[in-house]
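1. Give me the fold of what follows.
(one chain, ligands or ions: 1)
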Amino acid sequence: MSERGAFPINIRNATASDLDAVIRLDMDTTGTEKRAYWQEAFARHVAPPYNGRLFLIAEKDGVAVGFIVAETRAWEFGSPPCGWVFALNVATELREHGIASVLFNQLCARLRLAGVDTLRTMVAITNKVNLSFFRSMGMTSGPYIELEKRLE
Ligand SMILES: CC(C)(COP(=O)(O)OP(=O)(O)OC[C@H]1O[C@@H](n2cnc3c(N)ncnc32)[C@H](O)[C@@H]1OP(=O)(O)O)[C@@H](O)C(=O)NCCC(=O)NCCS
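-> The predicted structure is shown next:
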C-alpha cells in the first residue's frame with residue numbers, strides 16, 4: 001500500500017561521499033556493481049558547479065535513499081539543447097512513496113531555471129514500472145527513435 005508524503009524527504013546535490021550509497025542503490029536494482037562507471041559519473045556530475053549537469057540525492061533521516069542524474073546536451077542529432085535523464089533510482093523498500101516524483105520535479109525545476117525547456121530519457125520497452133513512472137510525470141514518446149545493430 002503506497003502512502004505519499006509519509007515521511008520528509010530532503011533533496012540535495014550529491015557530494016563525493018555519496019558514491020558508495022549510489023553504487024549500492026544501483027546494485028540493488030540492477031544486480032551489478034559498477035564502481036568504475038559511477039566514479040566516472042561522479043567526476044563529471046558532482047564536482048563542478050552547475051554546467052548543465054545535475055546529480056541529485058533524496059535523503060531520508062540523513063540517509064541517501066534515491067538519486068536522479070541528468071545533463072543538458074546540445075545539437076546531438078540536430079536537436080536543440082535539451083535535458084536528458086540517464087539514471088534514476090529509489091531504494092527498493094521505499095518505493096511507491098513519492099520519492100522519485102520529488103526528485104524528478106526538483107530536477108525539472110532546476111533545469112527550467114537554467115533555461116532548459118525539454119526533457120528526454122530512454123526506458124527499456126519491457127520495463128513497465130519505469131515507463132509508468134515517466135508517463136505519470138508527463139513524459140510521452142518523443143520525435144526520435146533509437147536504432148541499433150549488432151556488430152559481429
Ligand atoms: C521507477 C522508480 C524510480 C519509481 O520510484 P518511486 O519513488 O517508487 O515512484 P513514485 O512513488 O514517485 O511514483 C510516481 C508514479 O510512478 C508510477 N509508479 C511508481 N511505481 C510504480 C509501480 N510499481 N507500478 C506502476 N506504476 C508505478 C505511478 O504512476 C506513481 O504515481 P501514483 O503513486 O500516483 O500511482 C522506482 O521504481 C525505481 O527506482 N525503479 C528502478 C529504476 C531503475 O531501473 N533504475 C536503473 C536504471 S537507471
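2. so is the closest residue in space to Val116 that isn't next to it in sequence in a helix, a strand, or just coil?
-> Nearest residue to Val116 in three dimensions, chain neighbours excluded: Gly83, at 4.7 Å (CB to CB, 6 or more residues apart in numbering). To be clear about C-beta, it is placed using only N, CA and C from the backbone, and glycine gets the same treatment. Following DSSP: H, G, I helix; E, B strand; the rest coil, Gly83 is assigned to strand.
3. Gly83 against Arg110, yeah?
-> No: if you go by CB atoms under 8 Å, Gly83 and Arg110 don't touch, sitting 9.3 Å apart.
4. Now for Phe42: which residues touch it?
-> 14, 16, 18-19, 22, 55 (CB atoms under 8 Å, 6 or more residues apart in numbering).
5. Tabulate the CA atom coordinates of the strand or helix carrying it in CSV.
-> If you go by DSSP states H and E, Phe42 is part of helix 35-45. Extracted C-alpha coordinates of helix 35-45, given in CSV (Å, rounded to 0.1, in the frame of the first residue of the first chain):
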residue,chain,number,x,y,z
ARG,A,35,32.1,1.2,-9.3
ALA,A,36,34.2,2.4,-12.3
TYR,A,37,31.1,3.7,-14.1
TRP,A,38,29.8,5.6,-11.0
GLN,A,39,33.3,7.0,-10.2
GLU,A,40,33.3,8.5,-13.7
ALA,A,41,29.8,9.8,-13.4
PHE,A,42,30.7,11.5,-10.1
ALA,A,43,33.8,13.0,-11.7
ARG,A,44,31.6,14.5,-14.4
HIS,A,45,28.5,15.5,-12.5
